[in-house]
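[1] With the input below, show me the fold.
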Amino acid sequence: MNARPGARPAPIVLVADDVEANIELLRDQLASLGCQVVEAHDGPSALAQCAELAPDLVILDVSMPAGDLGVDARETGFEVCRRIKRDPRTARIPVIFVSALNEASDRLKAIEAGGDDFLLKPQSRHVLGARVRSLLKLKGATDALEQSLKRLRALQKARDDLMRMIVHDLKTPLTSMLATLEMLRDGDFGAIDERPARALSDVEGKAEDLLALIEDLLDVSRVEEQALALQPEPIAPGALLAEMMHDWGLRFRQEQTVATGEAADDAPVFRADKTLLKRVLSNLIQNAVTHSPVPVTLALGARRDPGGIVLTVADDGPGIPEEYHELIFQKFEQVQAPNAPRVRSSGLGLAFCRVAVESHGGRIWVRSREGAGSTFHIQLPLDPAPRPERTMRTGEQPVVGA
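    Next comes the predicted model:
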């Protein structure tokens, strides 16, 4: 059946039956529905036609020659259906069984094999027409959705590739700018007064913040692509928390933050990439200090967990509404807490935390209520397992946040 110019192509229906009269009857009925019919007379040829033509619908008899399928002839249709549904190339093709078998067990086998419908011979023209139209409409919608997903994935890849290219190209000139600013501030080009020196220090600090953002972007991309190699080393929880308290001591005094760091007696030594883990903790501390309208009280902790160890960063800040607890870990997403000061943020800090923790085989989550502070939990195994190769799942987006 040839389609008219500009018209939608006729749907292809594969009819598999070893009785020519049955095929002819179905051919006439399907032709009246505007379908193009192809035929097969045994199990292997039905599978071959499916793989070659990718029909829009398959109508199967149950009993027909099995060839090399390794089943009894009375089970051929069921085996053909199972193989159609197992093959990713044909799995979405709907299958209608048309059989003289009328036992409940036969209908059950058809369902278990993945069949979409079961009609008895001789089939009613009207019932067959209704079922065929319904399944073809469903197949068309499924195919359209799959095409939309493919286009979406292509757009996401193009966007992410462009972002990586821009970020990578930004890093080199920014590094040169930082070096020049440092030389200016240190007087390598001549002495400068106190006020210009303070201005240069301020500019240098902002440039370092921008460089840190670029590093976050690059590291998020590397972790998502499995290209960031971990460098695990033994870490004592108490020493780690003491180091974080020392690193942030000046900032805590400047922000009037009251901070404590305490590891439980049973907190075990564990292995992790210390540089990445300190950046994760620093991001959480930065969020707590920055997003509160008043000085906060901050508590860093570590304790043993059945899965390894749990590190916590708790604050008494404005808190996070429950509906945002997952959203904040998504890339470029930000949530402004009530009464919190507005700050310039990329929405990458918690994104980086999540991918860095997950790269260790761990997980990160938050417990918080609006107006009642927040506690971030980082659960890590005692030793990160080797990371398996992975491919992006359909519709998956890189995981990242606030």
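[2] The longest helix anywhere in the chain: how far from the chain's middle?
    Of all the segments of type helix in the chain, defined by DSSP state H, the longest one is helix 125-185. Here the centre of helix 125-185 is set off from its chain's centre by 12 Å, with Cα atoms, centre = their mean, to the nearest Å.
[3] for it, what is the average pLDDT?
    Per-residue pLDDT values across helix 125-185 average out to 81.
[4] And the following helix or strand past that helix, how far out from the chain middle?
    Counting by DSSP states H and E, the element after helix 125-185 in chain order, helix or strand, is helix 194-224. Relative to the centre of its chain, helix 194-224 is centred 29 Å away, using Cα atoms, centre = their mean.
[5] Same check on stretch 304-318?
    Distance, centroid of stretch 304-318 to centroid of chain: 25 Å (Cα atoms, centre = their mean).
[6] hang on, the earlier thing: so the longest helix of the chain versus helix 194-224, what angle?
    150 degrees (axes from the mean of the first three to the mean of the last three Cα atoms, to 10 degrees).
[7] And helix 125-185, what does it pack against?
    helix 20-31, strand 57-60, strand 95-99, strand 117-120, helix 194-224 (3 or more Cβ pairs under 8 Å, 6 or more residues apart in numbering; DSSP states H and E). For every residue, glycine as well, the C-beta is placed using N, CA and C.
[8] List the strands paired with the second one, with their directions.
    Which is strand 57-60. Strand 57-60 has the following strand partners under DSSP bridges: strand 12-16 (parallel), strand 95-99 (parallel).
[9] before we move on, back to that, please identify the most buried of the helices and strands packed on helix 125-185.
    strand 57-60 (a mean of 26; mean count of other Cβ atoms under 10 Å).
[10] Okay, residue 165 and residue 157: tell me how far apart.
    12 Å (Cβ to Cβ, to the nearest Å).
[11] Can you check which residues contact both of these two?
    Shared contacts of residue 165 and residue 157 (Cβ atoms under 8 Å, 6 or more residues apart in numbering): none.
[12] so where do the helices sit in the stretch 251-400 of the chain?
    274-290, 349-359 (DSSP state H, counting those that start in this stretch).
[13] Comparing those, which stretch has the densest surroundings?
    helix 349-359 (a mean of 24).
[14] I'd like to know which elements that helix is packed against.
    helix 194-224, helix 274-290, strand 363-368, strand 374-380.
[15] Remind me what the second one packs against, helices and strands.
    Here helix 274-290 touches strand 232-235, helix 237-247, helix 249-255, strand 297-305, strand 308-315, helix 349-359, strand 374-380, going by 3+ Cβ pairs under 8 Å, 6+ apart.
[16] nearest to residue 68, of these?
    helix 349-359 (45.8 Å; Cβ to Cβ).
[17] how many other residues sit next to the nearest residue to residue 22 once chain neighbours are set aside?
    Spatial nearest neighbour of residue 22, chain neighbours left out: residue 61 (6.9 Å); criterion: Cβ to Cβ, 6 or more residues apart in numbering. Each residue near residue 61 was counted by other Cβ atoms under 10 Å, and the total is 25.
[18] Now for the protein, the helix or strand with the poorest mean pLDDT.
    Least confident element among the helices and strands of the chain, by mean pLDDT, DSSP states H and E: helix 194-224 (a mean of 74).
[19] wait, doesn't residue 256 sit right on residue 295?
    Yes. Contact criterion Cβ atoms under 8 Å: residue 256 and residue 295 qualify, at 3.9 Å.
[20] Neighbour count for these two, which is higher?
    Neighbour totals were compared for residue 256 and residue 295, and residue 295 leads with 14 against 10 (other Cβ under 10 Å).
[21] That one reaches residue 259, doesn't it?
    No. Counting by Cβ under 8 Å, residue 295 does not reach residue 259; the two are 10.4 Å apart.
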